[in-house]
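A.B. asks: Compute the structure for the input listed below.
(chains A and B)
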Amino acid sequence: MLRCSLCGRQAAYSRRYAGVFLCDRCLVKSVERRFRRSVAEHSLISPGEKIALAVSGGKDSVSCMHMLADYCKNKNCELVTVTVDEGIKGYREKSIPIARENAELLGVQHFVVSFKQAFGATLDEMVKTARKRKTGLGACTYCGIMRRVLMNQAARELGAKKLATAHNLDDEIQAIMLNYIRADFSRLYRLGPAYSPKEGFVPRIKPLREIPEKEVALYALLKNINVHLGVCPYAEGIHSEVRDFINKLEENHPNSKFMILRMFDRMKPNLLKAVPEFEIKKCERCGEPTSTDVCKACGILEELGLGREQKTLISTKSE
Amino acid sequence: MIDVKIAGQRARKLKLNRRTKISDVLKELGLARETVAVKLNGKIAPEEETVKDRDKLEVTLVVTGG
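C.D. replies: Numbers count the residues shown, from 1 in each chain, chains lettered A, B, ... in the order given. All right, here's what the predicted structure looks like:
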């Protein structure tokens, strides 16, 4: 039987990038410690702040909810949670009740905002129309843009000072690699533990950024947290290829993930020097902040023959 | 022989060589260790743990990409 390198109990996890075995207790403690260290090191949360957390019901966001709820209790902060219901049949309807159940368990307010309410169509319907109209855009593009818009608006309406997302180490380095592959500089320089865009955008924070995806999953399993482990039916393409490549790299060369992250963080101050100045305006259609006359969301909604249906997302009553 | 159960799939039996580790079983199944959590006889275990005859392995896919 393999033993924990820290306390000698039965090992549950091999943290190969650090060359240690950890038992269930030491792994849970270590994950929580890393979460608190990220928050402190990057000053992600100030005492007394209101934090909105994007929660899908999956292992990352639900684990983040548990850690943030505990942290907020100690720092006199207020945590609210928001789920975006994109309208993905057979997938999202299973995860929303899990998000709600965890929020209730922790005594945290939970709101659901939906594509259908906001844009008059579910993601499934958008994808169907996009195929008919041959827009050339895939489900992940629509989902990513619309979800970001709704989360920012919901956080602003709730009066949150920060918008937390549960991006883990794997998510972050997949984004770094994807933006390199796509030569997307404007998305690349925004990556990091915190991003404070201009007026109208709620500053975003990623408290799980230094925790590998597998450790987040084990954290949820070891703490018996109810999470949704379903697979998004739209998950495919280059994103999955990059993820598989990085996981193979990590398997053969442990610590590769952290090395990619550290190198990016070292380069980031220089990237920021190359960012062109731009002005933030209000979108002519929806009034949301944008650097162009019409925001990207309204642009692609128009292509689909849709528009903003509901201006205010959050009613005073939580779901 | 060991019993292997992958969440959402039918259980199967695998023949063991001497000193087989969980990581060898995962390779045999074509699964990357970064994407799964494995329980050995009901307890989450590191992939370096050795499996013996009549052991039970439960594999949960934890990297689901959604």
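
A.B. asks: A:Ile260 reaches A:Met177, doesn't it?
C.D. replies: Yes: using CB atoms under 8 Å, A:Ile260 makes contact with A:Met177 at a distance of 7.3 Å. For every residue, glycine as well, the C-beta is placed using N, CA and C.

A.B. asks: List the residues that contact residue 22.
C.D. replies: If you meant another chain, say so; for now it's chain A. Counting by CB atoms under 8 Å, 6 or more residues apart in numbering or on different chains, A:Leu22 makes contact with A:Cys4, A:Ser5, A:Leu6, A:Ala11, A:Ala12, A:Tyr13, A:Arg15, A:Ser30.

A.B. asks: not what I meant, chain B
C.D. replies: Counted by CB under 8 Å, 6+ apart, B:Ile22 has contacts B:Val38, B:Leu40, B:Ala45, B:Pro46, B:Glu47, B:Glu48, B:Glu49, B:Val51, B:Leu57.

A.B. asks: quick revisit: for A:Ile260 and A:Met177, list the residues in contact with both.
C.D. replies: Joint contacts of A:Ile260 and A:Met177 (CB under 8 Å, 6+ apart) are A:Ile246.

A.B. asks: Give the partner strands of the lengthiest strand in chain A in its sheet and their orientations.
C.D. replies: Counting residues, the longest strand found in chain A (DSSP state E) is strand A:78-85. When pairing is defined by DSSP bridges, strand A:78-85 lines up against strand A:50-54 (parallel), strand A:109-114 (parallel).

A.B. asks: what's the most buried one of the ones you listed?
C.D. replies: strand A:50-54 (a mean of 25; mean count of other CB atoms under 10 Å in any protein chain shown).

A.B. asks: what's next to that strand, contact-wise?
C.D. replies: A:45, A:61, A:64-65, A:68, A:72, A:77-84, A:151, A:154-155, A:158-166, A:202, A:205.

A.B. asks: Just the buried ones from the residues you listed?
C.D. replies: A:45, A:61, A:64-65, A:68, A:72, A:77-84, A:151, A:154-155, A:158, A:160-166, A:202, A:205 (16 or more other CB atoms under 10 Å in any protein chain shown).

A.B. asks: Just the ones of those in helices?
C.D. replies: Cross-referencing the buried ones among the contacts of strand A:50-54 against helices under DSSP state H gives A:Ser61, A:Cys64, A:Met65, A:Leu68, A:Cys72, A:Met151, A:Ala154, A:Ala155.

A.B. asks: What is the neighbour count of A:Leu272?
C.D. replies: Neighbour count of A:Leu272, defined by other CB atoms under 10 Å in any protein chain shown: 11.

A.B. asks: Verify the stated contact: it with A:Arg190.
C.D. replies: No: at 9.8 Å, A:Leu272 does not count as touching A:Arg190 under the criterion of CB under 8 Å.

A.B. asks: ok so, going back, could I have the longest strand of chain A exported to CSV, CA atoms only?
C.D. replies: Taking Å, rounded to 0.1, in the frame of the first residue of the first chain, the C-alpha atoms of strand A:78-85 are listed here in CSV:
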residue,chain,number,x,y,z
GLU,A,78,-21.4,38.1,0.2
LEU,A,79,-21.5,35.2,-2.3
VAL,A,80,-24.3,34.9,-5.0
THR,A,81,-24.4,32.3,-7.7
VAL,A,82,-25.7,32.5,-11.2
THR,A,83,-26.3,29.7,-13.7
VAL,A,84,-26.7,30.4,-17.4
ASP,A,85,-29.2,28.0,-19.0
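
A.B. asks: Show me what the very next helix or strand once past that strand is packed up against.
C.D. replies: Moving toward the C-terminus from strand A:78-85, the next helix or strand (DSSP states H and E) is helix A:92-106. Applying 3 or more CB pairs under 8 Å, 6 or more residues apart in numbering or on different chains; DSSP states H and E, we find helix A:92-106 packed against helix A:59-74, strand A:78-85, strand A:109-114.
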